[in-house]
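J.: just to be clear, the model below is a prediction. Sequence and coordinates:
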Amino acid sequence: MKKIIFLLLLSVLLYGLNPKMPDFKRFVLSHLQEQQNVRKGDFKAFLYSFFGPVVIEQMTTRKDFFLFSVYEISPPNGRGRLFLGILHFFIPLGTVSKAK
C-alpha cells in the first residue's frame with residue numbers, strides 16, 4: 001500500500017512540475033545570453049528578449065508525455081538538439097541530424 005501511495009505522489013509531483021514551453025523558452029534564452037555575454041540593459045539584451053522567444057518557439061517542438069517532456073530545437077542548419085524537461089529542469093540529450 002505504501003508503494004502505491006508513493007508512486008501516486010511521485011506521479012502527481014512529476015505531472016505538476018512538467019515544464020511547459022514558456023519555461024523552455026526562458027531556459028534557452030538565458031543560456032544564449034550567457035554564452036554571448038549579454039548584460040542586462042544592453043541593446044543586445046533588448047533584442048534577445050524581444051525576438052528570442054518568437055524565434056525559439058518557431059524552431060522548437062515539444063512532445064508532452066505528461067510526467068516529462070522532450071524538446072527538440074531544429075535550427076535551419078539541420079543539426080537539432082534534444083532536451084528532456086522534467087521537474088522544471090532541462091537535461092541535454094544530444095544532437096539530431098535531419099535527412100534532407
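T.: Thanks, I have it.
J.: residue nearest the centroid of the protein?
T.: The centre of the chain sits closest to residue 24, judged by Cα atoms, centre = their mean, with a distance of 3.1 Å.
J.: three-state assignment of that residue?
T.: Following DSSP: H, G, I helix; E, B strand; the rest coil, residue 24 is assigned to helix.
J.: helices or strands up against the longest helix seen in the chain?
T.: For the chain, the longest helix by residue count, based on DSSP state H, is helix 43-59. Contact partners of helix 43-59 among helices and strands, from 3 or more Cβ pairs under 8 Å, 6 or more residues apart in numbering; DSSP states H and E: helix 21-35. Bear in mind the C-beta positions are built from the backbone N, C-alpha and C, glycine included.
J.: now do 10 Å
T.: helix 21-35, strand 69-73 (3 or more Cβ pairs under 10 Å, 6 or more residues apart in numbering; DSSP states H and E).
J.: find the least confident helix or strand in the chain, judged by mean pLDDT.
T.: When each helix and strand of the chain is scored by mean pLDDT, DSSP states H and E, helix 43-59 comes last, with a mean of 80.
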